[in-house]
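# Dropping a prediction and its sequence here:
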Amino acid sequence: METLISKCKSAKKPLVVAGCVPQGSRDLKELEGVSIVGVQQIDRVVEVVEETLKGHEVRLLTRKTLPALDLPKVRKNKFIEILPINVGCLGACTYCKTKHARGHLGSYTVDSLVDRIRTVMADGVKEIWLSSEDTGAYGRDIGVNLPILLNAIVAELPPDRSTMLRIGMTNPPFILEHLKDIAKVLCHPCVYSFLHVPVQSGSDSVLSAMNREYNVGEFRTVVNTLSQLVPGMQIATDIICGFPGETDEDFAQTVSLINEYKFPQVHISQFYPRPGTPAARMKKVPSNVVKNRSRELTSVFESFSPYQGMEGRVEKIWITEIATDGVHLVGHTKGYVQVLVAAPESMLGTSTDVKITSVGRWSVFAEVIQTPDRRKEDTKSIGNESIPNKCFPSSELEETCSCAVQSCEREDTLCKSTIQLDNSRLEDHNRRNVIGWFLRKRKVHGAAKMKGHLLESKVKQQTEGRSIGNLGFTDWALLGGMLLSSLTIVALLLLLGFRTLSSK
């Protein structure tokens, strides 16, 4: 942020800085001479920009009312709506600046949120994320609670399960009294069986120093209850390594907690003192110790195989985005397990049944289960190759390709190589043999000719219409090789004949 601000100032560009930082740290030296708009005044950003372009410095930070829910927006993903249900926080964690930036709890009414749900579904949204600093605290300032809101939203979701709901992060204290009601909502067919519940430490003494307002036993109650009442429940959590005063024993308790539950997602961070927070004045743990603890906990977490045993299972997934490799689509199971499938982009925004073919550390690979209708759609979208597109990660690629889509640098190249035709596994031993590849290709085209009467004419047109000018590189190479071989044989025969005549 400081670098960007410096570049804009040097270029003499009009500048508006928005978000938590100017709201919570308005006296930063870097913010001098630039316009700033706080997190609760985003609905007035047009005014701020217009005044800044006129050469005026604007500092709009005081909140009077909540921002409107229907502000004009362009979604990064047209299928996903991120819907804030409340702003601010009831907590007072000693390390956090959220309270400084976003202030006390302010909840939107149930009616306004339900109206927004109806609007976004009419826009074609297929996944709704409820966003908040703490969803569990929702409504405490207006006399309602989270279960009331969730039940009202679920009643609006279409029964065909075409739109799914994902509940946002909740801290343990406020969800404890609603656990059974929350579990009932998480069991609903249109709600992902997933919840993000930060624990931050496995030590009660550290939690007390953080002022987290719960203990490890209460966190266990949340996890155990939801896991017991919600089939396929997936829980993510957060850990802060090296909080001031954390001893080796405290850290060992954290490692033990993570080892015990083997959470599929753990967000691990090193403590960083935020200026103006009570924790910034506490005695720090040496930085090398903090780094070592972070590495150790990361190593423990990465040793788990949370999706082991999913191979062969049939799951319903909701597909909402394209993977960074450009080959796979990204879908999620009801437990919000990330699933990578090789399928046409026309499947974005839809749900389908898939069969899990392999599992990785961060996601699983699957193939779409073909139905007669789906097979026709896939054949039409794929074009010349009248064959459903599938992904069969080989054993040697599973380990490399199964890393997180966001962090796997080589996934693009490796995962592309896993997309094969239906008979690729049967002829894997010929994979490196050019002639074998050529014969396989011809075999596939021959099989395509026999696909039913519905595709017969199309396949015939594709087969008969192929001219020499449309041959691929390998075809040309083989034809060239055959021609060269023929010329060589003719030359050898001529030479042999010439020598024979000479000898006579």
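Structure's in. What do you need?

# Kindly state the beta-bridge partners for the closest residue in space to residue 322 that isn't next to it in sequence.
Residue nearest to residue 322 in three dimensions, not counting chain neighbours: residue 329, with 6.0 Å by C-beta to C-beta, 6 or more residues apart in numbering. No exception for glycine: its C-beta is placed from N, CA and C like everyone else's. Note on residue 329: beta-bridge partners by DSSP bridges are residue 322, residue 341.

# My reading is that residue 366 lies in a strand. Confirm?
Yes - according to DSSP: H, G, I helix; E, B strand; the rest coil, the state of residue 366 is that of a strand.

# Would you mind confirming that it makes contact with residue 340?
Yes - using C-beta atoms under 8 Å, residue 366 makes contact with residue 340 at a distance of 7.2 Å.

# shaky segments in this protein?
Judged by pLDDT under 70, the chain has its weakly predicted residues at 63-64, 99-102, 370-475, 500-504.

# ok, back up a step: okay, now the residue nearest to residue 322: neighbour count?
Neighbourhood size, residue 329 [other C-beta atoms under 10 Å]: 24.

# Next one: it from residue 76, what distance?
Computed as C-beta to C-beta, to the nearest Å, the residue 329 to residue 76 distance reads 16 Å.

# ok, the residue lying closest to residue 69 once chain neighbours are set aside - contacts?
Ranked by C-beta to C-beta, 6+ apart and with sequence neighbours excluded, the top spatial neighbour of residue 69 is residue 116, at 4.6 Å. Contact analysis of residue 116 by C-beta atoms under 8 Å, 6 or more residues apart in numbering lists 69-70, 83.

# what's the helix or strand for residue 116?
helix 110-122 (DSSP states H and E).

# Please compute how far that helix lies from its chain's middle.
On the basis of C-alpha atoms, centre = their mean, to the nearest Å, helix 110-122 sits 24 Å off its chain's mean C-alpha point.

# Buried residues, the following helix or strand past that helix. List them.
Using DSSP H and E, the helix or strand that follows helix 110-122 in sequence is strand 127-131. By neighbour count on 16 or more other C-beta atoms under 10 Å, the buried set for strand 127-131 is 127-128, 130-131.

# Could you work out the most separated pair of these?
Distances among these were taken as C-beta to C-beta; the most separated pair is 127 and 131, at 12.6 Å.

# Burial check on residue 181, number of neighbours?
16.

# Would you confirm that it belongs to a helix?
Yes - judged by three-state DSSP, residue 181 forms part of a helix.

# Quick check: chain neighbours aside, which residue is closest to it?
residue 147 is the one closest to residue 181 (C-beta to C-beta, 6+ apart), at 3.8 Å.

# Mind listing residues that contact the helix or strand hosting that neighbour?
Using DSSP H and E, residue 147 sits in helix 146-154. With contact meaning C-beta under 8 Å, 6+ apart, helix 146-154 is reached by 85, 110, 113-114, 117, 128, 130, 135-136, 138-139, 165, 167, 170, 174-175, 178, 181-182, 185, 188, 190-191.

# Just checking the distance from it to the centre of its chain.
Taking mean C-alpha positions (C-alpha atoms, centre = their mean), helix 146-154 and its chain are 25 Å apart.

# So which bits of it are buried?
So for helix 146-154, counting by 16+ other C-beta under 10 Å, buried means 146-147, 149-150, 153-154.

# CSV for the residues you listed, including distance to residue 237?
Output for the buried residues of helix 146-154, formatted as CSV (distance: C-beta to C-beta, whole Å):
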residue, distance to residue 237
146, 19
147, 22
149, 23
150, 21
153, 24
154, 25
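
# The residue lying closest to residue 59 once chain neighbours are set aside and residue 11, how far apart?
Nearest non-adjacent residue to residue 59, counting by C-beta to C-beta, 6+ apart: residue 36, 5.3 Å away. Residue 36 is 19 Å from residue 11, where distance means C-beta to C-beta.

# go on, residue 347?
Applying C-beta to C-beta to residue 347 and residue 11 gives a distance of 44 Å.

# quick one, which of those two is more surrounded?
For residue 347 versus residue 11, neighbours defined as other C-beta under 10 Å are more numerous around residue 347 (19 against 8).

# How much space separates the more buried one from residue 321?
The spacing between residue 347 and residue 321, counted by C-beta to C-beta, is 11 Å.

# element containing the nearest residue in space to residue 198 that is not next to it in sequence, please.
Closest residue in space to residue 198, ignoring its immediate chain neighbours: residue 238 at 3.7 Å, by C-beta to C-beta, 6+ apart. Using DSSP H and E, residue 238 maps to strand 234-241.

# helices or strands up against that strand?
strand 194-196, helix 216-229, helix 248-261, strand 265-270, helix 287-302 (3 or more C-beta pairs under 8 Å, 6 or more residues apart in numbering; DSSP states H and E).

# do you know which of these lies nearest residue 90?
Going by C-beta to C-beta, the one of the helices and strands packed on strand 234-241 nearest residue 90 is helix 216-229, 16.1 Å.

# angle of the closest one against helix 248-261?
Helix 216-229 runs at 10 degrees relative to helix 248-261, counting by axes from the mean of the first three to the mean of the last three C-alpha atoms, to 10 degrees.

# Give me the buried positions along helix 216-229.
Those would be 216, 218-220, 222-223, 225-226, for helix 216-229 by 16+ other C-beta under 10 Å.

# now swap in stretch 115-122 and tell me
For stretch 115-122, by 16+ other C-beta under 10 Å, it's 116-117, 120-121.

# Excluding chain neighbours, what is closest to residue 254?
Nearest non-adjacent residue to residue 254 (C-beta to C-beta, 6+ apart): residue 202, at 3.6 Å.

# Next, that neighbour: secondary structure please.
coil.

# Would you mind stating the distance between it and residue 259?
Distance from residue 202 to residue 259, by C-beta to C-beta: 10 Å.

# more crowded one of those two?
The neighbour count for residue 202 versus residue 259, taken as other C-beta under 10 Å, is higher for residue 202 (22 against 14).

# The more buried one and residue 263 touch, don't they?
No - the pair residue 202 / residue 263 is not scored as a contact, 11.9 Å apart, by C-beta under 8 Å.

# returning to that earlier point: bridging residues for the residue nearest to residue 198?
Assigned bridge partners for residue 238, using DSSP bridges, are residue 267.

# Identify the residues contacting it.
196, 198-200, 266-269.

# 6 Å instead?
Counting by C-beta atoms under 6 Å, 6 or more residues apart in numbering, residue 238 touches 198, 200, 267.
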